[in-house]
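Participant: Build me a model from this:
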Amino acid sequence: MPRVKKRGKGLWGDLQREYDAYERHSYAGDPPDEPFKEHWEAVGIRAALIFIGMPLLPVLLFRLRVFLYEHEVPILPYICDRLSTAIWQVTFGRHVSIGKRPFVAHGHVVIDGVVDIGDDVVLSPWVTIGLSGRRRDGFNFRGPTIGDRVFIGTGAKVLGPITIGDDVRIGANAVVIDDVPASATVVGAPARIVHTTVPFAEWKS
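Facilitator: Take a look at the predicted model:
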């Protein structure tokens, strides 16, 4: 059986888990054993893909920022935000909560408002998650609640105080403004279900 890596608690454990998630998603193969020079060149390429080619660092900066806010450290959380936005075009709002092992594929992601994101969520480029701007009972600062193992395709927008169930797949450029049941696949603007393993009656229209 494969050996399971043990990860600690707290900030350091979070950082280790994020690295593991990006390593799993890396498209680089295992470095060759021989010769020595080629081995280390391959290691360097793999490290570049993990740390630069794919924006692992914005996720690490987000974890660090949360840690700094919790410990009331001034200025440094703001610096974390600026680095993430300026270098990778990844913006996480102050009231965003993200579960374990998120994967931000290539940057250009904006998440703002009171947003809760579950575990193992994949965020493709140019994704926006946040407020809808709809005014029913006044402006609502509540954004989406997103379940576990959700895939959000390139250019998709998930907006408003809605709930996205576990194992949902959101297609590229979809605009999701209503609840989505677990295990559904949605596409289009506004988004509609094209596949689901639950009754269509659960889809909020």
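Participant: Break this structure down into its structural domains.
Facilitator: 11-88, 90-205 (automatic domain parsing).
Participant: Going by mean pLDDT, which of those comes out lowest?
Facilitator: When mean pLDDT is averaged over each of those, domain 11-88 scores lowest at a mean of 71.
Participant: Could you count how many residues lie near His195?
Facilitator: By other Cβ atoms under 10 Å, 10 other residues sit near His195. In short, each C-beta sits where N, CA and C put it, glycine included.
Participant: Tell me the secondary structure at Cys80.
Facilitator: Three-state assignment for Cys80 (DSSP: H, G, I helix; E, B strand; the rest coil): helix.
Participant: Could you measure from it over to Arg65?
Facilitator: Look at Cys80 and Arg65: by Cβ to Cβ, to the nearest Å, they are 4 Å apart.
Participant: And for Asp178?
Facilitator: In terms of Cβ to Cβ, Asp178 sits 31 Å off from Arg65.
Participant: Where does Glu18 fall, secondary structure wise?
Facilitator: Under the criterion of DSSP states H and E, Glu18 resides in helix 10-25.
Participant: so who does Tyr69 touch?
Facilitator: Pro77 (Cβ atoms under 8 Å, 6 or more residues apart in numbering).
Participant: Would you confirm that it belongs to a helix?
Facilitator: Yes - looking at Tyr69 with three-state DSSP, it is inside a helix.
Participant: quick one on the thing from earlier: counting neighbours, go ahead and name the busier of Asp178 and Arg65.
Facilitator: Neighbour totals were compared for Asp178 and Arg65, and Arg65 leads with 21 against 16 (other Cβ under 10 Å).
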